[in-house]
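K.L.:
okay, here's the prediction I keep looking at, along with the sequence it came from:
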Amino acid sequence: MGRLFGTDGVRGIANTELTCEIAFQLGKAGAYVLAEESRRTPKIVIGKDTRRSGDMLEKALIAGICSAGAEAVCLVVISTPAVAYLTREYGADAGVVISASHNPSEFNGIKFFNSKGYKLSDSIEERIESIILDKSETLPNPSGGMVGIVTEKADAADRYISFLKKTVESSFDGLKFAIDCANGAAYKTAPRVFRELGAEVLVINDNPDGLNINKNCGTTHMKMLKNFVTENDCDMGFAFDGDADRVLAVDNNGRIVDGDKIMGIIGLELKKQNKLSKNTIVATVMSNLGLEIMAGNYGLRLEKTKVGDRYVLEHMLNHGYVLGGEQSGHIILLDYNTTGDGQLTALQLVQIVKKTGGSLSDLASIMRVYPQVLKNAKVQNGKKSSYMQEPEIAAKCRELEEIFSGEGRVLIRPSGTEPLVRVMIEGKDLDFITEKATELVTLIEKKLG
């Protein structure tokens with residue numbers, strides 16, 4: 001990770017870690033770098049989620065963009081994937097999202113898309129960082145008629161909804177859905193698109209107040225939606241996160257259908273239609289072993305990357321794949337959009353349910369979920385990447401890999417932001433894997449703590 005940019009933009013507690021000064025600098029440097037090839041006044045679209053700090057950071061970001069001579073196009077509250085789509089739709093030079101995704105309201109973030117709607121490469125992020133932190137380039141300060149302007153797009157939500165509706169082939173008449181908007185960016189568009197497709201829609205957590213985004217709701221807190229689906233006899237439910245780039249589903253029995261199962265269901269349907277490139281799904285190392293076994297049983301290939309949707313996307317682009325994602329519900333469907341899109345994914349899942357005439361529960365039964373235990377070992381920050389250099393730890397890992405060979409696995413990785421080594425063990429017996437994970441964490445803390 002860089003000095004400012006993490007795996008998904010620049011994030012921190014708003015007004016202390018992510019300040020207006022940083023937002024201004026990101027706006028100015030970002031506009032300069034991303035729009036330098038433009039032969040007209042550069043245009044940058046801006047969207048945000050519902051956090052209270054969004055207005056403050058938006059104004060600072062706009063000031064930076066305009067000070068670089070670019071046009072700031074405000075989309076107001078809208079999802080991250082909508083910004084990626086509308087960057088292309090409006091022919092903009094770049095897009096910016098002000099959001100901290102699934103994190104609590106006190107956090108916020110700023111992330112960029114290039115003119116094609118893709119997240120920035122490491123090299124471009126490093127250049128922006130260098131301009132801000134090292135003053136490596138002198139930025140122009142246009143004056144008079146060269147100073148940038150601010151415009152708004154009142155039709156942004158309409159255009160995005162129109163795009164979403166065009167991705168499905170039939171109406172959703174006769175289906176009843178529950179939708180948890182997480183008091184976030186999808187609180188207007190998600191209910192509307194499902195209703196316009198003919199479904200009966202019941203909505204929860206669609207009253208944002210700036211502070212309740214993701215609070216005991218959305219993809220990180222599924223209990224409310226699970227209960228709501230069963231209590232109201234819904235066919236299924238969908239939960240989004242704060243910026244709606246993720247979605248998790250709940251079937252009619254109140255059981256969670258996570259990102260792994262969603263990828264499996266969509267992957268099989270695409271394979272039937274000869275639309276799944278190389279019959280391959282791209283997942284991360286955190287995906288459940290059940291997805292790998294399901295893929296093998298149905299003639300699919302599964303390729304894994306490091307944790308993080310940017311690594312999934314990078315692998316997809318490098319190898320020409322069209323479907324990938326994470327267990328957390330961040331699903332990328334490159335035939336339609338350039339980033340994870342919760343609302344798009346939900347629509348594709350419903351379309352498959354509608355086409356098969358069964359239930360989401362039936363479709364999700366193709367994959368058995370193996371128990372996973374995730375524990376954190378507290379270590380010295382400088383030692384968190386050297387765990388395999390300790391002979392006892394390495395030997396213990398080899399021992400566990402032999403124990404779980406074919407019916408489980410052991411995954412160890414250092415935290416990107418904290419002095420922790422994360423230990424994940426997967427297998428058939430929850431009590432047994434919990435015991436082994438605890439043993440390994442204890443050993444790591446003893447040697448590296």
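P.N.:
That came in fine, so what should we check first?

K.L.:
all helices of this structure, in order?
P.N.:
Per DSSP state H, the chain carries helices over the ranges 20-34, 53-67, 80-89, 122-134, 156-165, 189-196, 223-231, 259-272, 289-297, 309-319, 342-356, 360-364, 391-404, 430-448.

K.L.:
who's in contact with the first one?
P.N.:
Taking CB atoms under 8 Å, 6 or more residues apart in numbering as the criterion, the residues outside helix 20-34 that touch it are 4, 10, 42, 44, 56-57, 59-65, 67-70, 72, 93-94, 96, 110, 112, 114-115, 120, 124, 127-128, 131-132, 137, 139-140, 148. From N, CA and C alone the C-beta is placed, and that goes for glycine too.

K.L.:
hmm, which helix or strand of the protein has the shakiest average pLDDT?
P.N.:
Every helix and strand in the chain was compared by mean pLDDT, DSSP states H and E; the lowest is strand 408-414, with a mean of 85.

K.L.:
pull out the buried positions in that strand.
P.N.:
Residues of strand 408-414 classed as buried: 408-410, 412-414 (neighbour count, 16 or more other CB atoms under 10 Å).

K.L.:
now these as CSV including distance to L268?
P.N.:
Below are those laid out as CSV (distance: CB to CB, whole Å):
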residue, distance to L268
G408, 24
R409, 23
V410, 29
I412, 31
R413, 29
P414, 35
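
K.L.:
still on that earlier bit, among the helices of the chain, which is nearest A14?
P.N.:
A14 sits nearest to helix 53-67 of all the helices of the chain, at 3.4 Å, using CB to CB.

K.L.:
could you give the average pLDDT over the closest one?
P.N.:
Mean pLDDT, helix 53-67: 98.

K.L.:
between the buried residues of strand 408-414, which is closest to E439?
P.N.:
V410 (11.3 Å).

K.L.:
tell me which two of the buried residues of strand 408-414 sit farthest apart.
P.N.:
Applying CB to CB across these, the maximum distance is between G408 and P414, 21.7 Å.

K.L.:
hang on, the earlier thing: what subset of the contacts of helix 20-34 is buried?
P.N.:
4, 10, 42, 44, 56-57, 60-65, 67-70, 72, 93-94, 96, 110, 112, 114-115, 120, 124, 127-128, 131-132, 139, 148.

K.L.:
correct me, but K48 touches G54?
P.N.:
Yes: applying CB atoms under 8 Å, one finds K48 in contact with G54, separated by 4.1 Å.

K.L.:
specify the residue ranges that define each domain of this protein.
P.N.:
Listed domain ranges for the chain are 10-156, 174-255, 258-369, 372-448 (source: automatic domain parsing).

K.L.:
okay, those, which one's buried deepest?
P.N.:
Highest mean neighbour count among the domains of the chain (mean count of other CB atoms under 10 Å): domain 174-255, with a mean of 22.

K.L.:
residue contacts, the residue lying closest to G242 once chain neighbours are set aside?
P.N.:
Spatial nearest neighbour of G242, excluding adjacent residues (CB to CB, 6 or more residues apart in numbering): G184 at 3.8 Å. Neighbouring residues of G184 by CB under 8 Å, 6+ apart: 49-50, 208, 213-214, 218, 240-244.

K.L.:
how far away is G184 from Q343?
P.N.:
Applying CB to CB, to the nearest Å, the value for G184 to Q343 is 12 Å.

K.L.:
which residues are in contact with each of these two?
P.N.:
Joint contacts of G184 and Q343 (CB under 8 Å, 6+ apart) are 240, 244.

K.L.:
measure F177 to D251 for me?
P.N.:
12 Å.

K.L.:
same question, S365
P.N.:
9 Å.

K.L.:
now do D341
P.N.:
21 Å.

K.L.:
with G406 instead?
P.N.:
29 Å.

K.L.:
just to revisit the earlier point, pull up the overlap in contacts between K48 and G54.
P.N.:
Going by CB under 8 Å, 6+ apart, residues that sit against K48 and also against G54 are 77, 98-99.

K.L.:
returning to that earlier point: so can I have a markdown table of the helices of the chain showing distance to S328?
P.N.:
Putting these into a markdown table (distance: least, CB to CB, whole Å) gives the following:
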| stretch | distance to S328 |
| --- | --- |
| helix 20-34 | 26 |
| helix 53-67 | 23 |
| helix 80-89 | 14 |
| helix 122-134 | 22 |
| helix 156-165 | 21 |
| helix 189-196 | 18 |
| helix 223-231 | 15 |
| helix 259-272 | 6 |
| helix 289-297 | 13 |
| helix 309-319 | 9 |
| helix 342-356 | 11 |
| helix 360-364 | 17 |
| helix 391-404 | 23 |
| helix 430-448 | 20 |
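
K.L.:
and those: which comes nearest E303?
P.N.:
Nearest to E303, of those and by CB to CB, is helix 309-319 at 6.7 Å.

K.L.:
what's the average pLDDT for stretch 84-95?
P.N.:
Computed over stretch 84-95, the average pLDDT equals 97.

K.L.:
off-centre distance for it?
P.N.:
Distance, stretch centre to chain centre, for stretch 84-95: 19 Å (CA atoms, centre = their mean, to the nearest Å).

K.L.:
quick one: contacts of that stretch?
P.N.:
With CB under 8 Å, 6+ apart, stretch 84-95 has contacts from 30-31, 34-35, 37-38, 42-47, 70, 73, 75, 78, 83, 112-118, 153, 156, 159-160, 163, 337-339, 341.

K.L.:
repeat that for stretch 285-298.
P.N.:
Counting by CB under 8 Å, 6+ apart, 258-261, 263-264, 267-268, 271, 281, 283, 300-302, 304-307, 326-327, 366-370, 372, 408-409, 411, 413, 424, 426 sit against stretch 285-298.

K.L.:
which among the buried residues of strand 408-414 gets closest to T442?
P.N.:
Closest to T442, out of all of the buried residues of strand 408-414 and judged by CB to CB, is I412, at 13.6 Å.

K.L.:
separation between the residue nearest to that closest one when sequence neighbours are not counted and Q372?
P.N.:
Nearest-residue entry for I412: V423, 5.5 Å, with adjacent residues in sequence omitted and distances by CB to CB, 6+ apart. In this view, V423 and Q372 are 11 Å apart by CB to CB.
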